[in-house]
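Novice: sequence plus the predicted model coming up.
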Amino acid sequence: MGSTGRNRFTDYPGTPKGDGRASPKGGGAGGSPEAPNPCEAPVTNVPLDEVARCEYHTIHQDVPDAGTAVQVRRNLVKGRVAVETQERNELIGFLPTQFNHLRRCMEQGYVYSGMVVSSRLKPIPVVRVSLQASQ
Amino acid sequence: MEHTKVCLIGQVLVDVFLPAGTATPGLRLGGIMHAARALWAMQCPYVMAYVAPAYLDPAVARLAASYGAEKAIKIGNVEGSPNVVLVGEPTEAGPQGYEFLLRDEHTCSLTPEALRALLRDDTISDVLVFPGGFDLPRTLALFSEAKAAVHIDANFEPADLAGLGDLGRSFATVILSTSSQTFQGQLGGSARALCGAVLGKYADAVLLKENRGGSRFFRHADADSPIGTPAQVRRIMHSVGVGDCFDAVYVVKCRVMPDAPALAYAANIAAEYACTTDPDEFRNAACATLSISAEEIVSLTGILLPWEERPRIQVYIAAPDFDYVDRKPIEQVVECLKYHNFTPRRPVVEHGQCAKGDSVERRQLLCDSDLELLEQCQIMLAVLPFDDPGTLIEIGVAVERRMPVIVYDPYRQAQNLMLTQLPACVSSDLDQVITAVFAQAARLESQQGGCHEG
């Protein structure tokens, strides 16, 4: 029986990533790297909020087809991170609030675009999107 | 006073994260170092007045310097304990399971002259005190003559709020979390009781932090109209020190802007702190957040679900909750829901378990009772340790009723198309599951015109 003895304080600014930094999910002492950059994590198959109340549905009484190119608006709309069509900038819906950090990511130069992966009009309008980050 | 300089007072600890499985434990300096990281990220001048065991002094000195502290003055020596905290549940999906090693052997000899000398620095605008592990009454008494505004995070001490009187003057802010013994014990889990006990008597303002449910801020002059600041909830790495980070950002920003944006920046930067332990990544995120306008940051929606509103959110636990099944994952979610003040309902526990030889009448009664209970609940949390047909049918019924369904799939069993695609959330991560409960509860409350998202 023995003990592992690699732990040391390495939480210094400027330390290269993965060089023993503390990680609550393990690997704090020279172990596994940190979680991926949340700004670069793909947004996959996410249902948008408030589709029925947003511009696209109001104008067209419809939802955009699967495959429609979409992007995230840089500025918030009513305090929400908004997704619009790339072609006409029509607002489709809002990302759930757990994606609010994309607003500050955009402040760091990231932009988000992607496409509608599925949509349906009834019984209630639903639009799901997938997005990728780029800089 | 235009110039802001903060003095942090409290213990320096070693946080040791004990991950599940085979991953290596992580560790870093905690205690007031969490607030220090926030001040460094905001490039705010600060000094540290800390207590710790002697063996930590070199590490504290090195780390404080690298995090831009003007000074790190030791005001008390700890003996008998290594000041090590083992953190079993880093995300606070439920009770955090902190284990403070040798807590009862912990003693601290204060050196008040060191603190007195520090307080002669009249450029210090704000003192932020994190009590615990040192003589609080004696320390507070030293501040009675100082000009700086004093803020206190009173989660652990004083055990009785009357101890706040030791300052001899009013605190600028008394900060408390809903998870604290003081809030749940002395105050009976009531923000009103908190305000009654503290506002105007010991403090000009009270900040109540409510975990994933946001925060409420009360000013003495306007206690009936608190500022509700939504929590920015997303997948996190840890929750250790996140509240301290919130405190530090608020204390700095409230000097230069109204309370609402100061609190909104605090909530957003605290959320960033919870998502990484990489200091540079955290600082970049904090700087980017601070470059968003005050108007926009205040408008940002999130989850606002006050503690007192949560018990009326009844969560139907759909699960094979039978005496011959390992109920550990079911009991885990129930414990987490109670920890956050929701009301879990367990149909099998409440109505009884169906046995093979039971009469048709009893079987019908049990079935009807369960469906009636489902009707009373607002959210379904299904626990699927295996493909239990009863649970799967209940999920289908709830989806058809347009009730939000969250599935805790502890062993990653869920494969069926309908099962993986119809619920609002399917996850093997308890933190994600509890976050989904908050999000769905806030959404429901919003639809009912009560407390709301944003």
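Specialist: Cool, the structure landed.
Novice: could you find the closest non-adjacent residue to B:K147?
Specialist: B:D122 (6.3 Å; Cβ to Cβ, 6 or more residues apart in numbering or on different chains). Backbone N, C-alpha and C define where each C-beta goes, glycine included.
Novice: that neighbour touches B:C7, doesn't it?
Specialist: No: counting by Cβ atoms under 8 Å, B:D122 sits too far from B:C7 to count as a contact (11.4 Å).
Novice: who has more neighbours, the two?
Specialist: B:C7 (25 against 11; other Cβ atoms under 10 Å in any protein chain shown).
Novice: show me where chain A has helices.
Specialist: Along chain A, the segments classed as helices by DSSP state H run A:55-60, A:101-107.
Novice: my bad, should have said the stretch 351-454 of chain B
Specialist: B:360-376, B:389-400, B:417-421, B:430-447 (DSSP state H, counting those that start in this stretch).
Novice: can you name the residues in contact with the third one?
Specialist: Residues outside helix B:417-421 that contact it (Cβ atoms under 8 Å, 6 or more residues apart in numbering or on different chains) are B:L392, B:I395, B:G396, B:V407, B:A414, B:V426.
Novice: name the nearest of these relative to B:P344.
Specialist: The closest of those to B:P344 turns out to be B:V407 (Cβ to Cβ; 15.1 Å).
Novice: how much space between the residue nearest to that closest one when sequence neighbours are not counted and B:V405?
Specialist: Spatially, and ignoring its direct neighbours in sequence, B:V407 is nearest to B:V426 (4.3 Å; Cβ to Cβ, 6+ apart). For B:V426, the distance to B:V405 equals 9 Å [Cβ to Cβ, to the nearest Å].
Novice: who's more crowded, the two?
Specialist: B:V405 (26 against 21).
Novice: got the domain boundaries for chain A?
Specialist: Annotated domains of chain A cover A:7-35, A:43-134 [automatic domain parsing].
Novice: going by mean pLDDT, which of these comes out lowest?
Specialist: Mean pLDDT is lowest for domain A:7-35 out of these, coming in at a mean of 58.
Novice: residues in contact with stretch B:335-352?
Specialist: In contact with stretch B:335-352 (Cβ under 8 Å, 6+ apart) are residues B:93-95, B:178-179, B:189, B:211-213, B:307, B:310-319, B:321-322, B:330, B:333-334, B:366, B:369-370, B:373-374, B:376-377, B:381, B:430, B:433-434, B:437-438, B:441.
Novice: ends of that stretch, how far apart?
Specialist: 20 Å (Cα to Cα, to the nearest Å).
Novice: residues of the stretch 301-450 of chain B that sit close to chain A?
Specialist: Proximity of the stretch 301-450 of chain B to chain A (Cβ under 8 Å from any Cβ of the partner chain) is limited to residues B:T301, B:G302, B:I303, B:T435, B:A439.
Novice: gap between the third one and B:P347?
Specialist: Yep, that's B:I303 we're talking about. 27 Å.
Novice: next up, the contacts around residue 126.
Specialist: Unless you meant another one, I'm taking chain A. A:P47, A:V51, A:V63, A:S118, A:S119, A:R120.
Novice: oops, I was thinking of chain B
Specialist: B:D126 neighbours (Cβ under 8 Å, 6+ apart): B:T4, B:K5, B:V6, B:C7, B:A148, B:A149, B:V150, B:H151, B:A172, B:V251, B:V252, B:R255.
Novice: tell me how far it lies from B:L176.
Specialist: Distance of B:D126 to B:L176, given as Cβ to Cβ: 18 Å.
Novice: could you list the low-confidence segments of chain B?
Specialist: B:1-2, B:20-23, B:89-92, B:95-97, B:447-454 (pLDDT under 70).
Novice: and with 50 instead?
Specialist: Within chain B, the set of residues satisfying pLDDT under 50 comprises B:1, B:449-454.
Novice: buried subset of the contacts of stretch B:335-352?
Specialist: B:93-94, B:178-179, B:211-213, B:307, B:310, B:313, B:315-319, B:321, B:330, B:333-334, B:366, B:370, B:373-374, B:377, B:381, B:430, B:433-434, B:437-438, B:441 (16 or more other Cβ atoms under 10 Å in any protein chain shown).
Novice: hey, what's A:V72 bridged with?
Specialist: Note on A:V72: beta-bridge partners A:V83, judged by DSSP bridges.
Novice: verify the contact between it and A:G93 for me.
Specialist: No: checked against Cβ under 8 Å, the pair A:V72 and A:G93 is beyond contact range at 11.2 Å.
Novice: what do these two both touch?
Specialist: Common contact partners of A:V72 and A:G93 (Cβ under 8 Å, 6+ apart): A:A82, A:V83.
Novice: out of those two, which sits in the more crowded spot?
Specialist: Neighbours were counted for A:V72 and for A:G93 using other Cβ under 10 Å; A:G93 has more, 29 against 23.
Novice: so the more buried one touches A:V81, yeah?
Specialist: No: between A:G93 and A:V81 no contact is recorded; they are 10.2 Å apart, counting by Cβ under 8 Å.
Novice: who touches both of these two?
Specialist: In contact with both A:G93 and A:V81: no residue, using Cβ under 8 Å, 6+ apart.
Novice: where does the residue of the stretch 101-250 of chain B at minimum distance from chain A land in three-state SS?
Specialist: As assessed by Cβ to the nearest Cβ, chain A sits closest to B:H238 within the stretch 101-250 of chain B, at 3.7 Å. Classification of B:H238 by DSSP: H, G, I helix; E, B strand; the rest coil places it in coil.
Novice: how about it, phi and psi?
Specialist: Here is the backbone geometry of B:H238 (degrees, to the nearest 10): phi -160, psi 170.
Novice: the nearest residue to B:Y55 once chain neighbours are set aside: neighbouring residues, count only.
Specialist: Once flanking residues are discounted, B:Y55 sits nearest to B:P82: 7.4 Å by Cβ to Cβ, 6+ apart. Neighbour count of B:P82, defined by other Cβ under 10 Å: 17.
Novice: what of B:R235?
Specialist: 16.
Novice: could you do B:I269 as well?
Specialist: If we define neighbours as other Cβ under 10 Å, then B:I269 has 28 of them.
Novice: residues contacting it?
Specialist: B:A38, B:A41, B:M42, B:C245, B:F246, B:V249, B:A285, B:A286, B:T289, B:L290.
Novice: show me what contacts the fourth one?
Specialist: Just to be clear, that refers to B:C245. B:H34, B:A35, B:R37, B:A38, B:A266, B:I269, B:A270, B:Y273.
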